[in-house]
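A.B. asks: Generate coordinates for the sequence data below:
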Amino acid sequence: MSRSRQGVIEEILLGFIELPFWVSILGAAFFYITLRFGLPLLAGTSLIGTALATVFPSIAHWPAIAILAAGLIGVGKRHWKRLLLSQAKSPQALRQITWPDFELLVGEAYRRQGYSVRERGGRQPDGGVDLELVRGSEKVVVQCKQWLDRRVPVERVRELLGVVMAEGADRGILVATGGFTPAALEFAVGKPLQLLDAEALVQLTKTAGKPAAPAEDHEMTSAEAPICPDCGKGMVKKTARRGRTIGSQFWGCPSYPACRGTRAA
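C.D. replies: Just a heads-up that it's a prediction; the model follows:
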C-alpha cells in the first residue's frame, strides 16, 4: 500500500477520533453496507467484477471495526482530557502530570473556551507549534513548556513571535509552568503574544466552559470582579492614563503587561 493511501486512511481515522461516537457508528454502518452489499451489486458480471464482488463482502467488517475502534479511542481520549482538567487545581498539580498530558490539558482548556483545537505537538516535528487554535476568523498558535525548575528566557519568546509571523496567526500563546524571566515579560509587551504561567493556567481551567459575558452587555461592580477573557485571572479596576478615554475606569488583567486583557467597567 502506498504512503499517500496510508496517509488518507490515517487522516480519516483521526477524524473519527475527534468526532462524536455516534458519527463513528454511522460511518461504520455506511462502510459495511457499501462494501457488503452496494459495491458487489455495481461490480458487474465481468471477470474482474465477479472477483471484486467476492472480495468486497469478505473485507467489509474490517473498515467498520477500525472506525468503531477510532470512535472508542476518541471517547476515552475525551474522558481523559476532562479528568486532567478536573485535576488541575494548583500549579503543583500541573507540574506532576506528564508533558503529553500537559499539552492535552492546555488544549482542552481552550476547547472549552470555544476554540477548535488541532494538536500539532507530540513526538513529531511541530514547527514550533504544539496547539493550533481557531475561533471564527481568529487563528492562534500555542507553545507549551512544562519546565519544572527554570523560567522561559526571552529567546523562546522571540522564537514564538517568529512562529506567529510564519504561520500567519493573529497571536501566539506561550504556556509555561516555570514562569518567565523579566526580559521575556518585557519583550512581549505591545506584541501579539500572551504569556501564561502555572497560576494563570489554573485560573483558565477553572473558567473552562464558562465564558464571561461581553463587557458591553454586563455591568460590573467592584464587588464582582470579572474574569480576564485572555488568561482567566480575576481582574482589577484601573484608571486610563492616556488616550481618548483618559480618566475613565476599566477592568484590567493583574498580569499586565504579560497579559493585556481588558473589560469595560
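
A.B. asks: Can you tell me who Glu132 pairs with across the strands?
C.D. replies: Arg118, Val141 (DSSP bridges).

A.B. asks: For Leu185, see how far away it is.
C.D. replies: Separation of Glu132 from Leu185 (CB to CB, to the nearest Å) stands at 24 Å. C-beta: built from backbone N, CA, C; applies to glycine.

A.B. asks: for Arg171, same thing?
C.D. replies: From Arg171 to Leu185 the distance is 16 Å (CB to CB).

A.B. asks: cool, Gly7 as well?
C.D. replies: Noted for Gly7: a distance of 41 Å to Leu185, by CB to CB.

A.B. asks: With Gly76 instead?
C.D. replies: Distance, Gly76 to Leu185, by CB to CB: 38 Å.

A.B. asks: Now do the contacts for Ala43.
C.D. replies: Ala43 makes contacts with 49-50, 52-53, 56, as judged by CB atoms under 8 Å, 6 or more residues apart in numbering.

A.B. asks: quick one: which of Gly76 and Leu185 has more around it?
C.D. replies: Leu185 (20 against 11; other CB atoms under 10 Å).

A.B. asks: next SSE after the helix or strand bottoming out on mean pLDDT in the chain?
C.D. replies: When the helices and strands of the chain are scored by mean pLDDT, DSSP states H and E, strand 236-239 comes last with a mean of 71. Proceeding N to C from strand 236-239, the next assigned helix or strand is strand 249-252, under DSSP states H and E.

A.B. asks: And the helix or strand just after that following strand, what does it pack against?
C.D. replies: Scanning forward in sequence from strand 249-252 by DSSP H and E, the next helix or strand is strand 262-264. For strand 262-264, the packing partners by 3 or more CB pairs under 8 Å, 6 or more residues apart in numbering; DSSP states H and E come out as strand 249-252.

A.B. asks: Quick one: mean pLDDT for the longest helix belonging to the chain?
C.D. replies: Among the segments of the chain that qualify as a helix by DSSP state H, the longest is helix 61-87. For helix 61-87, mean pLDDT rounds to 87.

A.B. asks: How about stretch 192-199?
C.D. replies: Per-region confidence: stretch 192-199 scores 91 on mean pLDDT.

A.B. asks: mind showing which ranges of this structure have poor pLDDT?
C.D. replies: Along the chain, segments meeting pLDDT under 70 span 1-6, 121-127, 208-227, 232-233, 239-249, 257, 265.

A.B. asks: what packs against the strand or helix carrying Ile48?
C.D. replies: In this structure, Ile48 sits in helix 47-59 according to DSSP H and E. When contacts are defined as 3+ CB pairs under 8 Å, 6+ apart, helix 47-59 sits against helix 39-42.

A.B. asks: Thank you kindly, that will do.
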